[in-house]
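In: mind looking at a prediction? Sequence and model below.
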Amino acid sequence: MHAPPLSPDQIDLPSGWIPALVRGAKGRCPRCGAAALFRQWLKPVDACPHCLCDWSVQQADDFPAYIGIFVVGHLLAPVVIAMIGTFGMSAWATLAIILPLAVVLLLIMLQPTKGAVIGFLWWHGIGAFRQERRAASPENQP
């Protein structure tokens, strides 16, 4: 069982969902940004050692891979068209170049994409996450 996480007032919560995504994409804890999110390539830590947020409940599942395939496919589609249409390369030569390139690009994108998805899920309180926001300061209240 994990200790209760630090309260939002004790850590530097992100100001919005985009900073939470960026923290996750950088492999940092989306909640505090102070500790690593991953203990292995695609395996998140069970809990953040700094803010004690429980990451064992994350359910990113296959979504990061779907995003990676979508992005890599859209990046490489014009390249394939140019290789075959403009340069007249054979389909086999194009395949020999594009397949390894696609695999490498997808592998490079997978961990940052998973971190961003975890940050998005946490920020919006999706799944087992609880949505957290910093309490409004007195000068910002009506």
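Out: It's in.
In: contacting residues for the most centrally placed residue in the chain?
Out: Using CA atoms, centre = their mean, the residue of the chain that lies closest to the mean C-alpha position is residue 116, 1.9 Å off. Listed by CB atoms under 8 Å, 6 or more residues apart in numbering, the contact partners of residue 116 are 21-22, 24-25, 64. Backbone N, C-alpha and C define where each C-beta goes, glycine included.
In: that one: which element?
Out: In this structure, residue 116 sits in helix 91-124 according to DSSP states H and E.
In: now that helix: buried residues?
Out: In terms of neighbour count (16 or more other CB atoms under 10 Å), helix 91-124 has its buried residues at 94, 102, 105-106, 109-123.
In: sorry, back to before: closest to residue 51 out of the contacts of residue 116?
Out: Distances from the contacts of residue 116 to residue 51 were compared by CB to CB; the smallest belongs to residue 24, at 13.8 Å.
In: against residue 71, how distant is the closest residue to the closest one other than its chain neighbours?
Out: Using CB to CB, 6 or more residues apart in numbering and skipping residues adjacent in sequence, the residue nearest residue 24 is residue 119, 3.0 Å away. Distance from residue 119 to residue 71, counting by CB to CB, to the nearest Å: 17 Å.
In: how many neighbours does residue 68 have?
Out: Applying the criterion other CB atoms under 10 Å, we find 21 residues in the vicinity of residue 68.
In: any idea whether the residue lying farthest from the centre of the chain is helix, strand or coil?
Out: When distances are taken from the C-alpha mean of the chain, residue 88 lies farthest, 37.6 Å away, according to CA atoms, centre = their mean. The local conformation at residue 88, judged by DSSP: H, G, I helix; E, B strand; the rest coil, is coil.
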